[in-house]
Every structure is written in C-alpha cells, then in structure tokens.
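Colleague: Need coordinates for the following:
(chains A and B)
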Amino acid sequence: MRPGLFRGLGHAGVMLVAAFAATSLHAARPEPPFTIDPYPSTYQPLPRTDTLIVDVTILDGAGGRMDQGEILLRDGRIAAVGRGLSRDNVTVVQGEGRWVTPGIIDVHSHNGTYVLPLTSLDRKASDVSETSDPNVADTWIEHAVNPQDPAFAVALRSGVTTIQVLPGSTPLFAGRSVIVKPMPATNVRAMKFPGAVQGLKMSCGENAKSYFGDKDEAPNSRQGEIAIIREAFLRAQEYRDEWREYSRGKSKKPPQRDLKLDTLAAVLDGAIPVHMHCYRASDMTVMMGIAQEFGFKIAAFHHATEAYKIAAQLKQAGTCVAVWSDWWGFKMELQDSIRENAAMVDAAGVCTMMHSDSPVVGQRLQIEAAKAAGAGRRGGLNLPPERVIAWVTSTPARLLRLGDRIGTIAAGFNADLVVWSGNPFSIYTKAERVFIDGAQVYDSAAPARSPESDFGLGRPEMGGRQ
Amino acid sequence: MKLQTFAAALLLLGTSAYAQNVAIVNAKAWTLATDTPTDNATIVINDGKIASVSVATPAPPGIRVIDAGGKIVTPGLMHPATRLGLIEVSSAAETVDHAAKAGAPGAGFDVQYAVNPNSVLIDLARADGVTRSLSYPSSSNTPPFAGSASLLHLFDGGDVVEQARVAVFVTISNRSANSTVGSRAAQWQLLRAALDTAKAAKPTLNGTADSTALEAVVQGKAPLAISTNRESDLRQAIRLASDYGIRVVIVGGAEAWRVADELAAAKIAVIVEPMSNLPSSFDELGSRLDNPALLRKAGVTVAMSLDGVQSYNAGLSIREGAGLAVANGLPYVDGLRSIITAPAEIWGVADRFGTLASSKDADVVIWDGDPLEPSSAPTTVLVQGREVSLTTRQTELRDRYMPAIKALRP
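Modeller: The predicted structure follows:
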C-alpha cells in the first residue's frame, strides 16, 4: 500500500480492503460484506503551513538517528529529511538541539469509552465492552466513543498522534476497534484515521471465565473459552464459504448477513487483524494453535507478560507483542511479568511495542520504553535510543497496517511528529510541539490554545493543560 | 537464590550483630541534610549507623570499602503509603489482608498482625531502593475508618514491622468503600463524633482497639491520615485539625494545590499522586501534574504515593512520580526529599532515618544513574549497614529465560 492510496476512498462508503481480489473478476456479484464501513472518516487536517524544523536530533522511528538534522513538512507530508534544506517559503522552527520523533502511537487505549470522570454509571454499565455475551464480535467500539473524554486532549499534548481504541477484554470476541487521531471533534467519524482498517479484539485467560463464570454462564474455564472460540470460527468458515459460493455465482441467493460472522470471516480472510489479550505463555501458545488450525494470524498479543518465555514461537508465527514495562501483579496470570520483557523479545527478533491500556500510561509510552530498555541493559541487552523509539512509533504503525503512512520520519510519510524538550526517554522531557498531518496541533508555549474537552468548560480551573 | 537461611540465623543475634562496618568512597552523595550534593564523599558506617560523611577522606583502615565510582548515593527510599506485606495478588483474596470485614475493629484495625515479610513484592521494593515503608489499611467495617498503619523496615528476611499503630487512616469520599455510609457529610460527622468520644474518654487500661487508636490521635501521639481529594474535603480536614488540635496528614490531595497556603499554615503534609492529571472522578477534577510543585512552593511537606501500584512497583513508581513532579516544577532536591526525607518526617521517624548524617540508620543506596529517572536502578542497597541481595523473583525469571533469548539473537 502506498501512502495516500485510500485517501478519499472513505467517502465512497467502502474503505476497507476488499477481501476477494481474485473473485472480483466475476464483477457481476457483490463482494462479501465483511469489511464494509458504512461510517467512513470525515477527518480533515487543521490548517497548516509548510514548515522546516532545523537543528534537531532526529530519531526517525525506523532505526535511524541524525544529529543536527532538518525536517521539511510540505502539504501535510514529510518532504525531506537531511541538512542544509532550502528555507524558501517555509516557516522555520529552530530546534536548538531538541529531539524529534515520529508521533507516538498507542495501539491499546480505552479512551472515549471509559470516559472521565468515572461515575457509578460506568461501574454499572461501562462502554468499554458489551458484556451480555462472550461473543460480541458484532460490536464496533466506535459507536461508543465519546470524543469529549478529556483523556484524548491530554494524550495529544503528550505527543500521541494515533490511538487505537479497543473494546475491553471481558468477552472472548470483544468487537471491532477503531483507529483515531486524538483531535478535538464532536463525533468519532471526524477523528477516524482515513482508510485505516479495523481490528478485532479477542481475549484469553482469566477475564471471560471469571466474569461469565460468576454469573453461572459459559465460559467458566479456559477450556470452555477455547471451545467457544473454535465453535465460532467453524461457523465463520461456513459463512465465508457460503459468501464465496455466492460471489462466484455458484449460488443464487446471498447468505443472510450475520454481523458477528462478518467480523470473524474477515479475520479468516486476513482483512481484519486480531489483537489478542493474553498474559500467560501457555495461553498464548494455545491461541497460536487455534490461529494455525483456522488459518489466520494473530497480529499481536496485548499485555503478553510472559512473551519472553516463548520468543521463538512468537518469532516463528510472526506475531507481535504489545506490552507494558512494569504494570503487573494484580492477577494470578500476571505473576511472571518482568520489566525486561520488551527488551528480551525484541532482542530475539520478535516484533515488539509498548502499549498503554490507560490514559495515564498512555501519556508516557516513551518512558515505558525507557524503563523496559533500562532493565534490558542491566540484563546485558544493549538497545540504543534509535532502536527503542520504534517500540512506540514504526512498529505500532505496522501493527495497525499504517506502517507506510505513519511512525517513520522519512520523505512521503504523513507529517505526524513531536518536538521534544530533550531526550524523549528522560522523565524530565516534555512534548513541546505536536504535528499531525503537517498541522501544529499543540504548542506548549501557547497553552491557552491547547485542545481541551468541552467537559472542562465552566468549571474551576482544571489542571490538565500543563 | 538468596541466603535467607543465613540472614534469618543472623537476625536471631539482633540487628547490630550482623551489621557490617563499611566505607562508601567516591560518592556523589545527596545527603539531603543540605540542598546540594557532596562530590567525592566518603560515608563511613559502623554498627548499622552512619558514623560520618566527609569529603575526599580515605576509608578507615580495616573495613570493607565500596567504591561508588562517582555515582549518586542517597539514603534509602521510604514509601509513605503502601500495602507492602498486606497484598500479594490483589485479585486473589487469599493473599490480601489490607481490608477488614464484618465484626472487625474500625480505627483500631491493626495491620501489623498481617504483614508478610516473605512477600516477593518486598524484595522488589528493596531492589528498587526502598528500605522503609508505611503499610496502611484500606477499609474497615466502620467507615470512614480504614484502620491503623504499620511502619516497615525492609530487612532481607525476619520481622519487618518496625513500629505498629503509627497513624490512623480514614477515607473520605462518596465512593465504593464508604458507600454504606452515603454522603460525605455523614462521613465527616461520624469521624467527628468518634473523635469527640475519644477526647471525652478517661484514660483506661482496657480500652478497645478502636478507642485506643483514636485516643492516640486526640492525644497527639499518632496522626490522622485522611485519604481524600476534593477541595471541600481538604478544607474540612484543615478545620478538623484545628478543631481537635490533632495532627492531620492528607493522602491523595488531588485538589490540594487550591488550598496550598492553608495547608502550609496548618502544617498539614500531603502525600500526593504525582501522575494524576486527569479528572478520574468528580473528586479529582482539579488534578494537575504541578500539584507537588505548587504545594512545595507554598511550604507544604510533600511525599509521593501512587494508588494501585503502591505494592507492585513500590520503589519504581515513587521514583518515576518524583521525577515527573520535578519535570513539572518541583526542585530536584525536593523531588528526592519527597520519597526519602518527607515520608520520614511525616511518619515521625526522621530522628533515625531520611538523611545521610551521623547517627542515622545506615539505609543507603548507590544508583547506576539518576534515581528519579525510572530507567535507573540501584547497584547497591544497604539496610541498617548490611548489603542486601538485589535478587528478586523477577531477576530469577529473567536469568532463567535469558540464555534462550541470547541464542535467538540475530
């Protein structure tokens, strides 16, 4: 996929990857509807001027580092990276030795669904996930996202430019994700990343069996969870095959739409990546077995606290891990979490990234990376900054299938980047300027113009601006 | 594996018997007795106490020398509000002892009887530089009381409870733990009524745990720690301290910056949540990252605790939090003090802990970098003069699986 290929396609009403390229030759019949998006993005970048950022240390996100570098932003894209670039017709930002990285990407957020401030309403019926059934693959989290969650603006001011909002992990099939830019908006469609594919959140382990088991419902064991998952994929295989027959003209009547099976069939086709909540090595291995059984790939295990025990299997499966550095201990299945996890699996060649699952951690994913890399260093694994920055930029971009548009500072990529007050891995460093699609969306020198949720209006001063 | 048996055997001999005499040389020492570090410091430790801190002095002959190599040396950290020893796995009830249920005492619910010195979380805290902590209860059967807290000295094995009933904790909010009471007005009224009773009580040798705990508060022997966040509740806390002439400590204090001057005037310390900058609840709408800086500027004693991770990441979380507070305006030395000296002052142990000064307990940490950078870690930790193992369950897991990782390296 080239940058911008899907720009504008969203307005045609079908933005996701068509599943059956081969069958499109039989153009008379419609494609299977698994990935139709009736609610495409209406996002528009903010006004922007062509900008040249000079005298900065660039961590490009893809493993490169350039000191005293320059970055040219033109028409929302990165036009050039180098030194001695032309200053004609551009706004020059003097970096004075500051650091620049791609915008931070958080692949695991519940912003907009766990809307702050939390109240008894959230405790009774939170929008984080639909919990009426262990299979809610038919739910789309974007239908719940409230852009007025103050956590979005705080994330933006912290240098986060892309967020995947995932459903929670109570159900086994928890529903479809949405990828957004944390920009002020009145509705989620104005935040949706144009052309981004959705993901399916799944979960394994303690959550589903505890929640449904407590209600005397299924599942109440790990094996019960697996049985439900396999049964669902068997139905999805049948559903997909029925649609295939229809699309190929071998049956006359289209199968009856089933929104749950749409999602699972899209997974079987590889059109929707699977984001799997798992902690234990044993659980992850079981899930990779199921993926192999049904012929799909798990894009990433999220949390994956025991990934370091099965690095070889993860590497072989080509499955990524999205992890914390040190959030652990509160459940039995998190007992074997270690801070070196990210450093170890990265060293072994597994696709590795940090994630937040929290609006607090989500403000400092680069510090999560620093903590994990520091622990790795003490364990004998040397990970320089230009490599570690990939854990919060280019690697999560690839997981979201946006790796050729964001997450890297190179010509042709979207101009999503952060000017930091210093080394981004230091706790003392802050995001000073944040650019999305070439527009400066945050400037720490002008806090009055900072984005802020409508929630803050008319209240005594809230502190989030700093 | 750790030499726990050896350590336990030595412990039977009493603390001074196994303490070593040590000199740490070539240290960049943040003694916290002054506002600046002392370069090329020599710290001499005898019988578990700091004997001297001097500049460019050779180590006394015949004692063990640790060369700090110019690295930062600080007193051991003190976590001012944790559940260390009380919670192992919060979702596994069998490992949780910080909250009492029906029939148990209220203000007198005393967690000293539950502290587990073999908790792997204590090993982790120590490996992150924590040598002392205050473990506190979260709720009792009589809201708003949570119970009485214990001071821990984090020896490697043996009894870690240094002092029990250090403070009485209450929680004031209109949420979960206090929901049986309802309105926060009722919570304040119940608290005042209990203090009235304690004040009126005649000294007795056979009071209940609850009355004993509250009498200690009204007699000024123990502070009342109030977990609360909203400005209105903070003002109530200030009024309560004045009305009863008792010492109050605030835990949480999300909106404390709004009453910083009043807190300073009342000499009420605040144990803040340094990462709090979101309106997580209606009590915390005013949360902001410069809350510690604004409080300190007004003259309030500030310490750090992070709810939820106090036990799992007792050491790393307060270091990261203090670093974040420094990033948001707190002077660096006050950042260090907020996780060392201030907790010692707040809980009344500053006479023996919290600075590198002669006659203080030799709880000392040598760091591989800046202790307020969460990517740094201790290289050496001494608890009362004795070097403790930095091995944890986590390092043993790392070491078990690292060879396979290194074999996979491209």
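Colleague: Checking residue B:52 next. Helix, strand or coil?
Modeller: What DSSP: H, G, I helix; E, B strand; the rest coil gives for residue B:52 is strand.
Colleague: Am I right that it is in contact with residue B:44?
Modeller: Yes. With contact defined as C-beta atoms under 8 Å, residue B:52 counts as touching residue B:44 (4.7 Å). All C-beta atoms are positioned from the backbone trio N, CA, C, and that covers glycine.
Colleague: Of these two, which one has the most company?
Modeller: Higher neighbour count among residue B:52 and residue B:44: residue B:44, with 21 against 16, using other C-beta atoms under 10 Å in any protein chain shown.
Colleague: and the more buried one, bridged to which residues?
Modeller: residue B:23, residue B:52 (DSSP bridges).
Colleague: Relative to residue B:354, how far out is it?
Modeller: Distance from residue B:44 to residue B:354, counting by C-beta to C-beta, to the nearest Å: 19 Å.
Colleague: Repeat that for residue B:383.
Modeller: Following C-beta to C-beta, the distance that separates residue B:383 from residue B:354 is 14 Å.
Colleague: hey, which helix or strand in chain A has the poorest pLDDT?
Modeller: Lowest by mean pLDDT, DSSP states H and E among the helices and strands of chain A is helix A:120-124, with a mean of 83.
Colleague: Could you list the residues in contact with it?
Modeller: The contact list for helix A:120-124 (C-beta atoms under 8 Å, 6 or more residues apart in numbering or on different chains) reads A:114, A:115.
Colleague: Can you give me every residue that contacts residue 153?
Modeller: I went with chain A, as the question did not name one. Neighbour list for residue A:153: A:182, A:184, A:450, A:451, A:452, A:453, A:464 [criterion: C-beta under 8 Å, 6+ apart].
Colleague: right idea, wrong chain: chain B
Modeller: B:131, B:132, B:160, B:162, B:383, B:384.
Colleague: ok, so what distance separates it from residue A:278?
Modeller: Taking C-beta to C-beta, one finds residue B:153 at 39 Å from residue A:278.
Colleague: ok, now residue A:322?
Modeller: 11 Å.
Colleague: can you tell me which helix or strand the residue in the stretch 301-410 of chain B that chain A sits nearest to belongs to?
Modeller: Distance from chain A to each residue of the stretch 301-410 of chain B (C-beta to the nearest C-beta) is smallest for residue B:375, at 3.2 Å. Using DSSP states H and E, residue B:375 is not contained in any helix or strand.
Colleague: can you pull the pLDDT of the nearest residue to it once chain neighbours are set aside?
Modeller: Leaving aside its chain neighbours, residue B:375 sits nearest to residue A:374 (3.2 Å; criterion: C-beta to C-beta, 6 or more residues apart in numbering or on different chains). pLDDT recorded at residue A:374 is 98.
Colleague: Dump stretch A:443-457 to CSV, restricted to CA.
Modeller: The C-alpha trace of stretch A:443-457 is given here as CSV (Å, rounded to 0.1, in the frame of the first residue of the first chain):
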residue,chain,number,x,y,z
ASP,A,443,2.4,24.2,21.2
SER,A,444,3.5,24.1,24.8
ALA,A,445,4.4,27.8,24.5
ALA,A,446,0.7,28.7,23.8
PRO,A,447,-1.2,26.7,26.4
ALA,A,448,-4.3,28.8,26.0
ARG,A,449,-4.7,27.4,22.5
SER,A,450,-4.3,23.8,23.7
PRO,A,451,-7.1,21.5,22.8
GLU,A,452,-9.3,20.7,25.7
SER,A,453,-12.5,18.7,26.1
ASP,A,454,-15.8,20.6,26.4
PHE,A,455,-16.1,18.9,29.8
GLY,A,456,-13.7,21.5,31.2
LEU,A,457,-15.8,24.5,30.3
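Colleague: wait, does it make contact with chain B?
Modeller: Yes. Shown here: stretch A:443-457 in contact with chain B (C-beta under 8 Å from any C-beta of the partner chain) through residue A:455.
Colleague: In which helix or strand does the residue nearest to residue B:214 when sequence neighbours are not counted reside?
Modeller: Closest residue to residue B:214 apart from its sequence neighbours, by C-beta to C-beta, 6+ apart: residue B:198 at 3.7 Å. Per DSSP H and E: residue B:198 is located in helix B:184-200.
Colleague: Which secondary structure elements does that helix sit against?
Modeller: helix B:209-218, helix B:231-244 (3 or more C-beta pairs under 8 Å, 6 or more residues apart in numbering or on different chains; DSSP states H and E).
Colleague: Run through the helices of the stretch 351-466 of chain A in chain order.
Modeller: Per DSSP state H, counting those that start in this stretch, the stretch 351-466 of chain A carries helices over the ranges A:365-378, A:385-388, A:394-399.
Colleague: model confidence over the shortest one, on average?
Modeller: Per-residue pLDDT values across helix A:385-388 average out to 98.
Colleague: Low-confidence stretches in the chain?
Modeller: As the question left the chain open, I've gone with chain A. For chain A, applying pLDDT under 70 flags the ranges A:1-28, A:462-466.
Colleague: Chain B was what I was after
Modeller: Residues of chain B that meet the cut-off, pLDDT under 70, sit at B:1-19, B:176-179, B:203-206.
Colleague: biggest strand in it, by residue count?
Modeller: If you go by DSSP state E, chain B has its longest strand at strand B:161-171.
Colleague: That one relative to helix B:231-244, how many degrees between them?
Modeller: Taking axes from the mean of the first three to the mean of the last three C-alpha atoms, to 10 degrees, one finds strand B:161-171 and helix B:231-244 inclined to each other by 120 degrees.
Colleague: So what are the sheet partners of strand B:161-171 and their directions?
Modeller: Applying DSSP bridges, strand B:161-171 is found paired with strand B:145-153 (antiparallel), strand B:224-228 (parallel).
Colleague: any chance of these in a markdown table, plus distance to residue B:31?
Modeller: Shown next, in a markdown table, are the strands paired with strand B:161-171 (distance: least, C-beta to C-beta, whole Å):
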| stretch | distance to residue B:31 |
| --- | --- |
| strand B:145-153 | 20 |
| strand B:224-228 | 28 |
